[in-house]
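*Asks:* predicted model, plus sequence, below.
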Amino acid sequence: MSAPILSLESIGLVQGTGWLLRDLDLFIGERDRLALIGRNGAGKSTLFRIISGLVEIDEGKRKQRPGTKIAMLAQDPEISGFETLLDFATSGDDAPEKHEVEAIADQLGTDLSRSAQTASGGERRRAALCRILATDADLLLLDEPTNHLDIAAIEWLEGWLNRYAGAFIVISHDREFLKRLTRSVVWLDRGQIRRKEIGFGGFEAWSEEVYAEEARAAAKLDTKLAQETKWLHRGVTARRKRNQGRLDALTKLRAQRASMLGQAGKAQLDLADDEDAKAKVVIDAKDISKSFGDRQILKPMSLRIQRGDRIGLVGPNGAGKTTFLKLLTKELEPDTGRVRHAKTLSGILIDQQRSLLAPKLRVRDIVAEGGEWIDVRGETKHIVGYLKQFLFTREDADRLVGSMSGGERSRLLLAREFARPSNLLVLDEPTNDLDLETLDLLQEVIADYEGTVLLVSHDRDFLDRTVNMVIGLDGSGYADIVAGGFADWERKRRTRSQSGSKQSSGPPASAPQPSPAREERMTFKDKHELETLPARIADLERQVKIHETALADPKLYEAGPAAAQKLGDELERIREDLLTAEDRWLELSEKAEELAVQ
């Protein structure tokens, strides 16, 4: 093993009246691909600043190999003093070449000619990302690099990092991004660091093992520490197990909703004509369209949304997702057509406006107007108990908002908004700056929400865990509708692209014509298979997780390579079975859609 390019040895850092980090060791190799995991407020961004040399430690040693260059993507890059974003992106002692920065900007879909002073937070972050990717660095520190990137840009970044010759450490809430890129996990937890040489895919199983061991040790102690450790472990593991159960139910919901896709050529989510079905409609959009100047954002389409739908809106930045959302919520009037709401529809919008949270207010001021009790959708709850549902402790109730991290403020915003009575939940990019445990919590809240959910997101894994339909906008004005999650939408889009079925004009891609090669009816076998495949898929996914966890255990290799080889072969077979089952479910779902509209 070669010498590390950077090391932290027994370091400590004081924050306020206590230690934020203490007795930490971290060694970074030349080609490390590390996922840095930890709750919001655990000190991840601070650790990045220590690694980069921007923060002086209070104890221990930081060693950097001579000549090693480090580039860090900060959450809020400082761009004051620059006229344009390009000026900022090509500045510094190791200023990158202008043509390289511009080439990266083109791939990320960002305009560097924008004024630095009027640029949005997302534009500033994309400019900063262009800057560090064009820098000839040996170590990249990437703090939430996928924030404000659309899916195409995220996939391009994944390819770039896979080809990158140096080392990188990533802080990200994007599970899919971490699964595809990282080889090791560094877990920052309660001021301590744990490291394991596994990809991010094995992190949840590993963390639960650690929590379980702590819970067993704490059970012997009749102390507050024992109670808090037990609460921490139970909350995390129980939430993940409940969410797995909810994923199984979501798969069945997707299959049911697939049969409701409306008439081909109209991109309409239709309902049966019976009165009970009509009563479920909460948003009824008829022949709506929208243009800004010469650009058509949405071509005429009809859409019926029923109570309980979880709809994800996806597409490139600027494709019109937020505009479409505003049309559905009647915040914006369509150029043609009309939108009707059920009389009882009452919505709340969560759009990450953390700036509205005054820094001098306490948490209890935000959530309970300074009191001890809060009315949560008609039920009175004590503020401490309610805050625990959002991963806050008893002491957090009196914390000042100004002392909280960006992710903690996002969690506070969720706690405030979810207490309000509503039956329509609108979330515009809700996952930015949330840690993984908070994403688990948000997934749980969405799954338990009794109303309808409209969600704009570029987080592929989160969409797969929460929505039963996806509406994709590509910027041409068409709305592409698929029953399922992001993976279903992406697979269907890829299939159409390969077959050349999508045209530059004509009916939306969301309205496939029946294939004459297919049977004209669903046989009993087909129907039974469509009903039973979701459980089969869930079982195969569980087997994949079990095998991945087993392969990540160093003890497996102590007896020689044979056992690991056998387990690896079994894992590949299960993955192939899973892919076959998913493709078959998609085929049968599409067949059901086509027959439903004939």
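*Replies:* On my side now, so go ahead.

*Asks:* just give me the longest helix of this structure.
*Replies:* helix 561-597 (DSSP state H).

*Asks:* how's this protein carved up into domains?
*Replies:* According to automatic domain parsing, the chain comprises the domains 6-202, 212-256, 260-499, 524-597.

*Asks:* the first one: end-to-end distance?
*Replies:* In this case it means domain 6-202. Using Cα to Cα, to the nearest Å, one end of domain 6-202 lies 25 Å from the other.

*Asks:* now that domain, how far from the centre of its chain.
*Replies:* Centre-to-centre, domain 6-202 and its host chain are 18 Å apart (Cα atoms, centre = their mean, to the nearest Å).

*Asks:* which helix or strand contains Ile546?
*Replies:* helix 524-551 (DSSP states H and E).

*Asks:* what of Leu298?
*Replies:* strand 295-306.

*Asks:* let me know the next secondary structure element after that strand.
*Replies:* strand 310-314.

*Asks:* CA atoms only for that next one - export them in CSV, please.
*Replies:* Provided in CSV are the C-alpha atoms of strand 310-314 (Å, rounded to 0.1, in the frame of the first residue of the first chain):
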residue,chain,number,x,y,z
ARG,A,310,-47.7,10.4,-5.6
ILE,A,311,-46.5,12.1,-8.8
GLY,A,312,-42.9,12.9,-9.6
LEU,A,313,-41.9,15.6,-12.1
VAL,A,314,-38.6,15.1,-13.8
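
*Asks:* could you list the paired strands of that strand along with their orientation?
*Replies:* In the sheet, strand 310-314 lines up against strand 452-456 (parallel), strand 469-473 (parallel) (DSSP bridges).

*Asks:* out of those strands, flag the one nearest Ala42.
*Replies:* strand 452-456 (26.7 Å; Cβ to Cβ). The C-beta positions use only the backbone N, C-alpha and C, and glycine is treated the same way.

*Asks:* now the angle between strand 295-306 and the closest one, please.
*Replies:* 150 degrees (axes from the mean of the first three to the mean of the last three Cα atoms, to 10 degrees).

*Asks:* roughly how far is strand 452-456 from the heart of the chain?
*Replies:* Counting by Cα atoms, centre = their mean, strand 452-456 comes out at 14 Å from the chain centroid.

*Asks:* now do the helices in the stretch 201-350 of the chain.
*Replies:* Here the stretch 201-350 of the chain has its helices, by DSSP state H, counting those that start in this stretch, at 203-218, 224-258, 275-279, 321-328.

*Asks:* grab the nearest non-local neighbour of Ile198.
*Replies:* Closest residue to Ile198 apart from its sequence neighbours, by Cβ to Cβ, 6 or more residues apart in numbering: Ala552 at 4.1 Å.

*Asks:* is it true that the one you found touches Gly202?
*Replies:* Yes - counting by Cβ atoms under 8 Å, Gly202 is a contact partner of Ala552 at 4.2 Å.

*Asks:* between these two, what contacts are shared?
*Replies:* Lys196 (Cβ atoms under 8 Å, 6 or more residues apart in numbering).

*Asks:* what's the neighbour count on Leu345?
*Replies:* Using other Cβ atoms under 10 Å, Leu345 is surrounded by 17 other residues.

*Asks:* for it, give me the pLDDT.
*Replies:* Per-residue confidence (pLDDT) for Leu345: 87.

*Asks:* identify the residues contacting it.
*Replies:* Per Cβ under 8 Å, 6+ apart, neighbours of Leu345: 282-283, 423-424.

*Asks:* at 6 Å instead, please
*Replies:* 282, 424 (Cβ atoms under 6 Å, 6 or more residues apart in numbering).

*Asks:* look up phi and psi at it.
*Replies:* phi -70, psi 130 (degrees, to the nearest 10).

*Asks:* could you measure from it over to Asn423?
*Replies:* Leu345 sits at a distance of 6 Å from Asn423 (criterion: Cβ to Cβ, to the nearest Å).

*Asks:* where exactly do the strands run in the stretch 51-200 of the chain?
*Replies:* Assigned by DSSP state E, counting those that start in this stretch, the stretch 51-200 of the chain shows strands spanning 59-64, 70-73, 139-143, 167-171, 184-189, 192-196.

*Asks:* and these: which comes nearest Thr495?
*Replies:* Per Cβ to Cβ, nearest to Thr495 of those: strand 167-171, 31.0 Å.

*Asks:* each with direction, which strands does that closest one pair with?
*Replies:* Sheet pairing of strand 167-171 (DSSP bridges) gives strand 33-37 (parallel), strand 139-143 (parallel).

*Asks:* contacts for the last one next, please.
*Replies:* Here strand 139-143 makes contact (Cβ under 6 Å, 6+ apart) with 45, 48, 70-73, 75, 167-171.

*Asks:* would you turn those residues into a markdown table with distance to Lys525 and pLDDT?
*Replies:* Supplementary listing: these in a markdown table, determined by distance: Cβ to Cβ, whole Å; pLDDT from 0 to 100:
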| residue | distance to Lys525 | pLDDT |
| --- | --- | --- |
| Ser45 | 55 | 89 |
| Phe48 | 55 | 94 |
| Ile70 | 60 | 96 |
| Ala71 | 57 | 94 |
| Met72 | 57 | 95 |
| Leu73 | 53 | 93 |
| Gln75 | 53 | 79 |
| Ala167 | 53 | 96 |
| Phe168 | 49 | 97 |
| Ile169 | 51 | 97 |
| Val170 | 46 | 96 |
| Ile171 | 48 | 94 |
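
*Asks:* out of those residues, who's nearest Asp435?
*Replies:* Sorting the contacts of strand 139-143 by how near they are to Asp435, with Cβ to Cβ, puts Ile171 at the top with 9.1 Å.

*Asks:* beyond the helix or strand that contains Gly385, next helix or strand please.
*Replies:* Counting by DSSP H and E, the element that carries Gly385 is helix 383-388. Where DSSP H and E defines the elements, the next helix or strand beyond helix 383-388 is helix 406-418.

*Asks:* hey, which of the strands paired with strand 310-314 is tucked in deepest?
*Replies:* Greatest average neighbour count among the strands paired with strand 310-314 goes to strand 469-473 (a mean of 25), per mean count of other Cβ atoms under 10 Å.

*Asks:* what's the mean pLDDT across stretch 180-188?
*Replies:* Average pLDDT, stretch 180-188: 93.

*Asks:* now do the same end-to-end measure for that stretch.
*Replies:* 21 Å.

*Asks:* got the buried residues for it?
*Replies:* Of the residues in stretch 180-188, 180-182, 184-188 count as buried by neighbour count, 16 or more other Cβ atoms under 10 Å.

*Asks:* where does the stretch 301-450 of the chain have low pLDDT?
*Replies:* For the stretch 301-450 of the chain, residues meeting the criterion pLDDT under 70 lie at 351-356, 433.
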